[in-house]
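K.L.:
Predicted model and sequence below, questions to follow.
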2 protein chains.
Amino acid sequence: MADRKLRIGMLGYGTVGSGAYRMLVDNQASIQAKTGTHIEVVRIGIKDSTKPRDLSADIFTTDLDSIVNDPDIDTVVELIGGTDPACRLVETALVNGKNVVTANKEMMAKHGSRLVHLAKAKRLDLHYEAAVGGGIPLIQPLKHQLAGNDVLKMMGILNGTTNYILTEMQQEGADFAEVLAEAQAKGYAEADPTNDVDGFDTMYKISVLASIAFGRQVSISDVYREGIRRISRTDMKYADMLGYTIKLLGICEPVADRVRVRVHPTFLSKTHPLASVNGVYNGLWINGDFVGDVMFSGRGAGSDPTASAVVGDLIDVARNTAIGGPGSALPYDADMPTESIDSLKSRYYIRLRSYDRPLVLGKIATAMGEHGVSIAAMEMKTLILHEQGEIVFLTDYARESDFANAVKSLTDEVGVISVESTIRVEA
Amino acid sequence: MADRKLRIGMLGYGTVGSGAYRMLVDNQASIQAKTGTHIEVVRIGIKDSTKPRDLSADIFTTDLDSIVNDPDIDTVVELIGGTDPACRLVETALVNGKNVVTANKEMMAKHGSRLVHLAKAKRLDLHYEAAVGGGIPLIQPLKHQLAGNDVLKMMGILNGTTNYILTEMQQEGADFAEVLAEAQAKGYAEADPTNDVDGFDTMYKISVLASIAFGRQVSISDVYREGIRRISRTDMKYADMLGYTIKLLGICEPVADRVRVRVHPTFLSKTHPLASVNGVYNGLWINGDFVGDVMFSGRGAGSDPTASAVVGDLIDVARNTAIGGPGSALPYDADMPTESIDSLKSRYYIRLRSYDRPLVLGKIATAMGEHGVSIAAMEMKTLILHEQGEIVFLTDYARESDFANAVKSLTDEVGVISVESTIRVEA
């Protein structure tokens, strides 16, 4: 039983790769007890062989193709990220009959349907739990335990860097640029932070989740995406006063037989379970027609948590190999029909600067009302701060396109100097 | 593809059974799209054929054995609960080559190892996601995505009835008996509430989780169990003042090569993610050596959420059957070595009535100190309410057996009239 081996070829040896290697060594006894298999990394492909590394040099190669073509390797773990050459290498590995475990959200968001179909056709495993939510089990529970549900809504905090920045802004009353610089100094944010702060990373991840939940691949070009650069500490302060926090959410929801997928900063009610997911933590909230609401949270990035997901996938590969299983790739088709954000009905937070005139609020309400947008007077949440020339309020539910037109109508004529900020609201 | 059928024989048609039946019908199209299989309940075994039911009479039978012996039934869903006749029927079904899905925590806690070994030997599926945490995916994520971790600690709110009662006590300032009566009137608690309020239900569930996490079955006779009957609104009030809430937790933790499993009311810091799991919701917090802390929450009971877990398991059976897989039962052995609660090192909350004498606190501290228990003076959390003759404090970490002896020493001699309450603390 204990003599069985699963020989792993690893592509990439950065944060996640070195974590996964260490986990397989540190926890070898318990993993072997659970699988009857010794999972051993036998070859690691890297780009730069001159970097100092903590393993003996002869395990490394810069010839990545040699790994996916090596007949002595059973399973390939792809951790280089991006689509090129990752996608080509993964395809070659599958064609060569190797199971694949990957943490690559961009590749899965762009080419998931094709890769999973290929794995299925070859009766192989293709697992990608680490691609979304780091160590938090999200993808497999959605594929399996929650699969009987029609998903009614899914919202996730899926990027640790932006959640760290927003949490710091909220707790320290600091501005975006300030916290970003600090996060970069600490290594929590990249020198070029675009992928995180402009919402690309969240877009890839919510697309992958939506594709699983709705059974067809959502094209990332159909995802509405807005980052957090324009969020100010002033917005944070008002959010807090109104009973909200601001989070960058990936959201998907069915609209008839289509699905709408969007990524944007959100005024999230403090009573929502995602509101207390702070710092580098990630969280996913799913509402299904039978299960009701389910919530998952934990460490969404980092060496050890992401390694946990990679090794969990490898354990499944080892078990499946041991019982001679035919692979458990669950294919989904391409081209999920999508709905644009224009038809969204949402509430909105709006902050504007106005002339200090007694009738200005009435004029603003009238101007917005002409576009079908009313101020949420019922809740008396309107804040008028004439001393700062600032007016802040939440709207009732309005159509996105109506709201956009209503905002355009807030000109000098109705007493508005400038619209400083608009943010969608989730209760 | 769509012509494939999975014929289900269901044992029991109560809350969960009728929910699962409805889910399979309501979501048939999407389930069929995901599995390529029509999952159809063809026979339902019940005890009392005279009860009015919402399905045509010819699907029902009172001959439960006929279902597990019916060659036209592929998979048995066991929802009758308890061990007799459930265990015998499940064994017969497995022997007859039928996959089994069950929601039966008591049966799995008592006979899980034997049943899973039998399923494995027969190359069948035996799934029991619904046995713990209702609709929340817990068992499979622990078996799979988190399997690479050595679990360092696991704490769960696993019983909705007691969590509802404790939440009401906290929010309404009501006493246990009062809230229990109200919960019984609403149907949230049974006429005989022993199984819930004395912690049996939580004991079964944490035992099942511990058996999976540590790979061997924990005997329920080794589980320390204490219910919530003695929790008063006074304790709730002090908990709140000290920054805690009181929850009935199932806790398991490794102690060298053993595991300690316990169920008891707990002073839980308000900052812990489980502290905000309120009402009928359940939650599980897992700390693994690589993943760090992961948290799951959602509806832990009820017709629809539990049906979600049952149907999720059936979907896995359908997929596995479709690909001709050899079954995915993950066996674990019996007889996990366990550690008693006596060696636990914990902090404790203690509430006592004392004579109103200036030196009483010093005497109490001295008496407890002689048994190795010190008052957590560092945190200045000691409340002395002489006007009520009541003293409340938290101890520093102390050994359970030392604490028990220290409590015994709090007699009239040191100025203590009575020890009203002691509760273990988790930060």
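P.N.:
Received the coordinates, thanks. Numbers count the residues shown, from 1 in each chain, chains lettered A, B, ... in the order given.
K.L.:
Next up, the contacts around the residue of the stretch 301-427 of chain A found nearest chain B.
P.N.:
Proximity of the stretch 301-427 of chain A to chain B (CB to the nearest CB) peaks at A:Val311, 3.3 Å away. Any C-beta I mention is one placed from the backbone N, CA and C, and that applies to glycine too. The contact partners of A:Val311, by CB atoms under 8 Å, 6 or more residues apart in numbering or on different chains, come to A:20, A:23-24, A:27, A:31, A:39, B:147-148, B:290.
K.L.:
what's the following helix or strand after the helix or strand it falls within?
P.N.:
A:Val311 belongs to helix A:303-322 when assigned by DSSP states H and E. Sequence-wise, the next helix or strand downstream of helix A:303-322 (DSSP H and E) is strand A:345-354.
K.L.:
Mind listing what's buried along stretch A:368-376?
P.N.:
A:368, A:371, A:373, A:375-376 (16 or more other CB atoms under 10 Å in any protein chain shown).
K.L.:
Output that stretch as CSV, nothing but the C-alphas.
P.N.:
Only the C-alpha atoms of stretch A:368-376 are listed here, as CSV (Å, rounded to 0.1, in the frame of the first residue of the first chain):
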residue,chain,number,x,y,z
MET,A,368,-33.0,62.7,-10.3
GLY,A,369,-36.7,61.9,-10.1
GLU,A,370,-37.1,62.9,-13.7
HIS,A,371,-34.8,59.9,-14.5
GLY,A,372,-36.7,57.5,-12.3
VAL,A,373,-34.3,57.7,-9.4
SER,A,374,-35.6,58.6,-6.0
ILE,A,375,-33.8,59.4,-2.8
ALA,A,376,-34.2,56.8,0.0
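K.L.:
In this structure A:His144 contacts B:Asp316, no?
P.N.:
Yes - taking contacts as CB atoms under 8 Å, A:His144 lies within contact range of B:Asp316: 5.6 Å.
K.L.:
for A:Ala130, what are its contacts?
P.N.:
Listed by CB under 8 Å, 6+ apart, the contact set of A:Ala130 reads A:16, A:101-103, A:306, A:309-310, A:313.
K.L.:
Now do it, the pLDDT please.
P.N.:
Reported pLDDT at A:Ala130 in the predicted model: 97.
K.L.:
Surely it forms part of a helix?
P.N.:
Yes - according to DSSP: H, G, I helix; E, B strand; the rest coil, A:Ala130 belongs to a helix.
K.L.:
residues from the stretch 201-350 of chain A in reach of chain B?
P.N.:
Residues of the stretch 201-350 of chain A lying close to chain B by CB under 8 Å from any CB of the partner chain are A:215, A:273, A:276, A:288-299, A:304-305, A:307-309, A:311-316, A:319, A:323-328, A:330.
K.L.:
Now for chain A, the helix or strand with the poorest mean pLDDT.
P.N.:
Within chain A, no helix or strand scores below strand A:383-385, which has a mean of 60 by mean pLDDT, DSSP states H and E.
K.L.:
Most neighbours out of the contacts of A:Val311, which is it?
P.N.:
Counting neighbours by other CB atoms under 10 Å in any protein chain shown, A:Ala20 leads the contacts of A:Val311 with 32 neighbours.
K.L.:
So which bits of the one helix or strand it maps to are buried?
P.N.:
A:Ala20 belongs to helix A:15-26 when assigned by DSSP H and E. Counting neighbours by 16+ other CB under 10 Å, one finds that the buried residues in helix A:15-26 are A:16-24.
K.L.:
Please produce TSV containing those, extended by distance to B:Val95.
P.N.:
Below are the buried residues of helix A:15-26 laid out as TSV (distance: CB to CB, whole Å):
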residue	distance to B:Val95
A:Val16	45
A:Gly17	46
A:Ser18	48
A:Gly19	44
A:Ala20	41
A:Tyr21	44
A:Arg22	44
A:Met23	39
A:Leu24	38
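K.L.:
ok, the residues you listed vs A:Glu226, which is closest?
P.N.:
Closest approach to A:Glu226 among those (CB to CB): A:Val16, at 27.9 Å.
K.L.:
I'd say the closest one and A:Asp304 touch.
P.N.:
No - with contacts defined as CB under 8 Å, A:Val16 does not count as touching A:Asp304, sitting 9.3 Å away.
K.L.:
remind me which residues of the stretch 251-400 of chain A are low pLDDT?
P.N.:
A:357-358, A:377-388 (pLDDT under 70).
K.L.:
Now with 90, please.
P.N.:
A:301, A:322-335, A:353-363, A:365, A:375-393 (pLDDT under 90).
K.L.:
likewise the stretch 1-150 of chain A?
P.N.:
Looking at the stretch 1-150 of chain A by pLDDT under 90, you get A:1-3, A:49-52.
K.L.:
Kindly recompute the last result at 50.
P.N.:
A:1 (pLDDT under 50).
K.L.:
what about A:Asp235, which helix or strand?
P.N.:
Assessed by DSSP H and E, A:Asp235 sits inside helix A:233-242.
K.L.:
Now do that helix and strand A:345-354, the angle between them.
P.N.:
120 degrees (axes from the mean of the first three to the mean of the last three CA atoms, to 10 degrees).
K.L.:
If you count neighbours, what's buried in helix A:233-242?
P.N.:
A:233-236, A:238-239, A:242.
K.L.:
go on, stretch A:323-338?
P.N.:
A:325-332, A:336, A:338.
K.L.:
what bridges to A:Val41?
P.N.:
A:Val41 has the following beta-bridge partners by DSSP bridges: A:Ile8.
K.L.:
That one: neighbour count?
P.N.:
A:Val41, neighbours per other CB under 10 Å, totals 22.
K.L.:
Can you give me the end-to-end span of stretch A:126-134?
P.N.:
17 Å (CA to CA, to the nearest Å).
K.L.:
again with stretch A:143-150
P.N.:
12 Å.
K.L.:
Ok, stretch A:394-403 next?
P.N.:
Using CA to CA, the end-to-end distance of stretch A:394-403 comes to 12 Å.
K.L.:
Show me which positions of that stretch end up buried.
P.N.:
A:394-395, A:398-400, A:402-403.
K.L.:
same thing with stretch A:5-15?
P.N.:
A:6-13.
K.L.:
Relative to B:Ile46, which of those is nearest.
P.N.:
The closest of these, once distances to B:Ile46 are taken by CB to CB, is A:Leu6, at 46.6 Å.
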